[in-house]
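>>> Have a look; sequence and predicted model below, questions after that.
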Amino acid sequence: MKLSTMQKATKALVTLPAWQQQALADAGNFTNSISSVAEAYSQVPLIYRAVKMRCDALSSVPVHIYKNDNEVDWPFPCDMRDLIWRMEADLLGAGVSTVLKLRNRVRVLDLQRLNPFTVTIHYDNANGLTFSQAGKVWPESDMVYVKEFSYSDDVTSGASTVQACLNDAGLMNYQTRFASRFFENGAMPIILISADGTLVEDETKRIQNFFSKLASGVGNAWRVLATRTKLTPEVVSQDLDKMTMPELYQQATSNIANAFGIPVTMFMGDDNYASADSHRMGFWQDVIRPRAKLIESALNRQLFKSLGMELEFSFDEMDIFQTDEVERASAFATYINAGVNPEVVKEMLGIDAPDDMPFMAEKPEPVEVESPLDVTAEFEKWERKALKRIKDGKSADCQFDSELIPLAIQDEIHAALKLCVEPDEVKRVFGGEYESPQDIGLYKELKRANELLERSLMDKPEFHITVNTKDVDEPITEPA
């Protein structure tokens, strides 16, 4: 609390709340900016989440390694996905990524990520790029080196995404700390207390002590203060609702999201399903995929090419891209069927095709399909042969070669013809009026039984038994 006096006569008091006093005591620590990438990552939740989202996304993409067109395992003891995660984190935070090749005299044994904030990169015409850390120096050939683009440096440094967000990160940090200190210490504003008359020294000290306790958030300060002079309090600090805190926070959020290439709705989680799916696809297609190409190219050029290997990020194996491929295939077929040039459709849909292969597959040669009439002719030919054998007193079954009639049907016909003794039976076989050879055998037995009964009872008119040979399921009737 500060006093405003005139010849030792106190006319007004200004209360400084505890949060304001703590802010003044913090001095240089309580500023509106974050001074380093490490502080931004550890103190600003949105920076922390953005870095995690980018690194988690890239390290989750399927990766394959090929040697002589055959897929092989990751050839180093270090964890591949952890290495990719850290390379992306270094690019976002420092603008460069440095990975040391641990080797013996013959080959590379393992890979080790070096903290880019502790690595000094130097370039000269004699030695080219050199990397040093804690007194050790390595040539460019011992390092996998990836950097972001920078307008100010083409060789030794790159522009950091987190560095570009430091002002917005500082604003978020300031808002969070200000609100925390304000409410933690009683949420008291800065107040000017004016007196109608002059205050004696004892009265001044009593009023000063009361408002000091009130401003510091002490619980027992909320008691009544009785004075002999009228006091008029006036708030001189800015009200929280007039400080546009939500608008400033939203603007900082938007700036950070844009710098990281992450849709704001993926941070806030208030998107509907259709737009969320579109934003997610844009994030993978426009941000993660190009980043994977950058790291893939660096690893292949600086490491795997010398080992006779090739690393490849396989985005097409991911579910989100599988759905997109189905939609593109459907759109491609629609355009082609409408008569649009395939090369134009390929450009419209963004389809990549190898240069050494034709884009459209050659149309297959037409395959001649046997006409059903040819099969019918085969059955008729076989039936005529079987009828002729019956007429000549031979068995209806005989050898018949056909490439059109399926073997299973041929076997069934052969079995049925073995039981045929009359032309009508042969016609029933080729007419499809039988169910199985057993039915034909039963038909023949019933027919013979009917003939025997008729001959034995011809002289007895009172008895006449009829067997229906057309429907074996009818009962045999006997007159009364």
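That came in fine, so what should we check first?
>>> Could you list the low-confidence segments of this structure?
For the chain, residues meeting the criterion pLDDT under 70 lie at 1-33, 178-204, 207-208, 210-231, 233-244, 269-274, 323-326, 349-374, 432-480.
>>> ok, which stretches of this protein are strands?
Counting by DSSP state E, the chain has strands at residues 2-6, 9-15, 63-67, 70-72, 96-103, 108-114, 120-124, 128-133, 136-139, 143-147, 191-199, 231-235, 310-313.
>>> Any buried residues in stretch 105-117, and which?
Using 16 or more other C-beta atoms under 10 Å as the test for burial, stretch 105-117 gives Val108, Leu111, Arg113, Leu114, Pro116. (Each C-beta comes from the backbone N, C-alpha and C, glycine too.)
>>> Closest one of those residues to Met87?
Of all the buried residues of stretch 105-117, Arg113 has the smallest distance to Met87: 6.9 Å, by C-beta to C-beta.
>>> can you tell me which residues contact that closest one?
Taking C-beta atoms under 8 Å, 6 or more residues apart in numbering, we find Arg113 in contact with Leu83, Arg86, Met87, Asp90, Ser97, Thr98, Val99, Leu100.
>>> Redo those residues as JSON lines? Include distance to Val264.
Below are these laid out as JSON lines (distance: C-beta to C-beta, whole Å):
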{"residue": "Leu83", "distance to Val264": "30"}
{"residue": "Arg86", "distance to Val264": "27"}
{"residue": "Met87", "distance to Val264": "26"}
{"residue": "Asp90", "distance to Val264": "25"}
{"residue": "Ser97", "distance to Val264": "27"}
{"residue": "Thr98", "distance to Val264": "32"}
{"residue": "Val99", "distance to Val264": "33"}
{"residue": "Leu100", "distance to Val264": "38"}
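>>> Which of these sits closest to Tyr41?
Asp90 (11.8 Å).
>>> With the flanking residues excluded, which residue is spatially nearest to that closest one?
Distances taken as C-beta to C-beta, 6 or more residues apart in numbering place Ser97 nearest to Asp90, at 4.2 Å, with adjacent residues excluded.
>>> Was I right to think that neighbour contacts Val146?
Yes. Between Ser97 and Val146 there is a contact under C-beta atoms under 8 Å: 4.4 Å.
>>> neighbour-wise, which of the two wins?
Between Ser97 and Val146, counted using other C-beta atoms under 10 Å, the more crowded position is Ser97 (27 against 22).
>>> So Leu109 versus Val375, what's the distance?
According to C-beta to C-beta, to the nearest Å, Leu109 stands 70 Å off from Val375.
>>> Can you report how many residues neighbour Asn104?
Counted with other C-beta under 10 Å, Asn104 comes out at 7.
>>> contacting residues around it?
By C-beta under 8 Å, 6+ apart, the contact list for Asn104 is empty.
>>> before we move on, what about the one 3 residues further on?
Arg107 makes contact with Leu307, according to C-beta under 8 Å, 6+ apart.
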